[in-house]
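> Build me a structure from this.
(one chain, ligands or ions: 1)
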Amino acid sequence: MAHTNFPTVLPLETAVIALRSVLPLDAPADVLLSRFFRENPELGAKDRAFIAELVFGVLRNLRSLDNACEKPTPRLLAIAWLARIHGMSARQLEPYLRGPEMDMLPKIKAFNLAEQPLAVQWDVPDWLAERLLATFGEATATKLTAALRRSAPLDIRTNTIRTKRDDLLATLNAAGITATATPYSPVGIRLADKPALNKYKPFLAGEFEVQDEGSQLLGYLVAPKRGDMVVDFCAGAGGKTLLLGALMNSTGRLYAFDVSEKRLTKLKPRLKRSGLSNLTPQLITSEHDNRIKRLAGKIDRVLVDAPCSGLGTLRRNPDLKLRQNPQSVAELTVKQASILAAAANLVKPGGRLVYATCSLLPEENEDIVSAFLANNPRFHLKNAAEVLSSQQIDLDTGDYLRLNPADHGTDGFFAAVLEAAPAIKKDPAENENAA
Ligand SMILES: C[S@@+](CC[C@H](N)C(=O)[O-])C[C@H]1O[C@@H](n2cnc3c(N)ncnc32)[C@H](O)[C@@H]1O
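Below is the predicted model of the structure:
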């Protein structure tokens, strides 16, 4: 239980106030918690670390903690998290408890999760439990949901425009930041702790970006070549765009499209740090924007990192399981199919289209790709493992890239590599015959 980043006296009262302000979930939990920290600037780093861990810990385990407390209040949920998940004993908790809480504690501790329905054991809503069970089966879904309830490690991506991974590893370790190379991504580094990096000199100098290893691998599926014309269709704040630019060694042309001005604005400082000069951010109104049409059939590589339920990222965004529902997922699938179809028009003969999500649901993944391939015979599926292996990345999840925190230590990701048929070379004899 001892956590070096936590204060000796836990700021439980403040954490409960923070939890109370987040729990209505009327906005993403990280946005609400950041707002709480902005409004409480007196809190030190260790207090913040504890409060964040508690708030996100409760959200990750909300359904089971709710059931473990007879009458759950934010305060009881916090105590239940400390007792059941954080592993504090009654003796350690005693100084923090008041009134009847000490008497409630044995019951909260004794609550037997194994006797609960799978949805409670997995800490997901019923509709999601049903889908996970149908997709993965009980044993795999149990393992997967357990991994999704743990907090994610802090991964960074070396910006190879500025430095080499080994050099960055040496810099980090020399600064006392314990860091190791990630198992799959050739540019990834995993940090043992979660130090604040935004004022760290190598970060400000553009030597790295924070990025989950799974996200990094998507760039290696796109695998742009130097001099290529590349489109990142759903670029957001540019996490993957910046990697693509680095893989192109800042040559060729890279367009970053997105419908969100706010997200594209966040790309700007990152672009500045990155040292890339081949990138053109482009705000679009929708996937049917006229500005896109002039690029039709001209692009070597297109990435569609589609808007999705985000259910593969529950380690970081546990509130998504409460904010998504069957209706929102159904709406997303319509959007995903439409974006993929529009993006496909940009791909030139022999070019590559990568469709990716951070969802675990087949309706946002395999089903979208199957329907696309059925309607677009120009494209065929290329084996993702082969694409990675040709870049010395030894990771075989079959035709599709399917990553999950239980098996790969990354967020949950899905990706399909779709290749367009090459241009048909005209038989000169045919021309003569026609003449
Ligand atoms: C999964 S996020 C992309 C994350 C980003 N690629 C990264 O690596 O940080 C999906 C993005 O799709 C954008 N989006 C939604 N609808 C879109 C559309 N019709 N055309 C292009 N982008 C769209 C959203 O604004 C969001 O930024």
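> I'd like the distance between the residue nearest the centre of the chain and D30.
Nearest to the mean C-alpha position of the chain, counting by C-alpha atoms, centre = their mean, stands T313 at 4.8 Å. Computed as C-beta to C-beta, to the nearest Å, the T313 to D30 distance reads 11 Å. All C-beta atoms are positioned from the backbone trio N, CA, C, and that covers glycine.
> Buried residues of stretch 380-388, list them for me.
382, 384-385, 387-388 (16 or more other C-beta atoms under 10 Å).
> so the residue nearest to the centre of the chain touches P405, yeah?
No - T313 is beyond contact range of P405, at 9.4 Å (criterion: C-beta atoms under 8 Å).
> who touches both of these two?
Between them, T313 and P405 share these contacting residues under C-beta atoms under 8 Å, 6 or more residues apart in numbering: 411-412.
> Which secondary structure state does the residue of the stretch 51-200 of the chain found nearest the ligand sit in?
As assessed by C-beta to the nearest ligand atom, the ligand sits closest to R157 within the stretch 51-200 of the chain, at 10.8 Å. Following DSSP: H, G, I helix; E, B strand; the rest coil, we place R157 in the strand state.
> Let me know how buried it is, in neighbour terms.
For R157, the count of nearby residues is 26 (other C-beta atoms under 10 Å).
> Direction included, what does the lengthiest strand in the chain pair against?
Taking DSSP state E as the criterion, the chain has its longest strand at strand 347-357. As defined by DSSP bridges, the strand partners of strand 347-357 come to strand 299-305 (parallel), strand 413-420 (antiparallel).
> got these as TSV, with mean neighbour count columns?
Converted to TSV, the strands paired with strand 347-357 look like this (neighbours: other C-beta atoms under 10 Å):
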stretch	mean neighbour count
strand 299-305	25
strand 413-420	24
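> before we move on, the earlier item: who's in contact with the residue of the stretch 51-200 of the chain closest to the ligand?
Counted by C-beta under 8 Å, 6+ apart, R157 has contacts 185, 187-189, 208-211, 216, 243.
> ok, residues contacting the longest strand of the chain?
With C-beta under 8 Å, 6+ apart, strand 347-357 has contacts from 218, 221-223, 297-306, 308, 312, 336, 340, 343-344, 364-365, 368-369, 372, 379, 382, 401, 413-423.
> What residues does the stretch 201-350 of the chain have near the ligand?
215, 233-237, 239-240, 257-260, 263, 284, 286-287, 305, 307, 339 (C-beta under 6 Å from any ligand atom).
> Among those residues, which ones are in helices?
Judged by DSSP state H, helices contain the following of these: 215, 239-240, 263, 339.
> residues contacting the closest residue to G275 other than its chain neighbours?
In this structure, G275 finds its nearest non-sequential neighbour in I161, 4.6 Å apart by C-beta to C-beta, 6 or more residues apart in numbering. Residues near I161 by C-beta under 8 Å, 6+ apart: 206, 245-246, 249-250, 274-276.
> How about A237?
263-264, 266-267, 270.
> What of R35?
So R35 contacts S21 (C-beta under 8 Å, 6+ apart).
> Please report how far it lies from V210.
In terms of C-beta to C-beta, R35 sits 21 Å off from V210.
> Could you tell me how many residues sit around M248?
24.
> With A80 instead?
By other C-beta under 10 Å, neighbour count at A80 equals 25.
> give me the element it is part of.
helix 74-80 (DSSP states H and E).
> So which bits of that helix are buried?
74-80.
> What is that helix packed up against?
Contacts defined by 3 or more C-beta pairs under 8 Å, 6 or more residues apart in numbering; DSSP states H and E place helix 74-80 against helix 12-22, helix 45-60, helix 62-68, helix 101-110.
> Let me know which of these is the nearest to T178.
Among those, the nearest to T178 by C-beta to C-beta is helix 45-60 (16.4 Å).
> what are the C-alpha coordinates of the closest one, in PDB please?
This file holds the C-alpha atoms of helix 45-60, laid out as PDB (Å, rounded to 0.1, in the frame of the first residue of the first chain):
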ATOM      1  CA  ALA A  45       2.100  17.500  -5.800                       C
ATOM      2  CA  LYS A  46       1.800  14.600  -3.400                       C
ATOM      3  CA  ASP A  47      -1.800  15.600  -2.400                       C
ATOM      4  CA  ARG A  48      -2.700  15.900  -6.100                       C
ATOM      5  CA  ALA A  49      -1.300  12.500  -6.800                       C
ATOM      6  CA  PHE A  50      -3.300  10.900  -4.100                       C
ATOM      7  CA  ILE A  51      -6.500  12.700  -5.000                       C
ATOM      8  CA  ALA A  52      -6.200  11.700  -8.700                       C
ATOM      9  CA  GLU A  53      -5.400   8.100  -7.800                       C
ATOM     10  CA  LEU A  54      -8.400   8.000  -5.500                       C
ATOM     11  CA  VAL A  55     -10.900   9.600  -7.900                       C
ATOM     12  CA  PHE A  56      -9.800   7.500 -10.800                       C
ATOM     13  CA  GLY A  57      -9.600   4.400  -8.600                       C
ATOM     14  CA  VAL A  58     -13.200   4.900  -7.500                       C
ATOM     15  CA  LEU A  59     -14.300   5.400 -11.100                       C
ATOM     16  CA  ARG A  60     -12.500   2.300 -12.300                       C
END
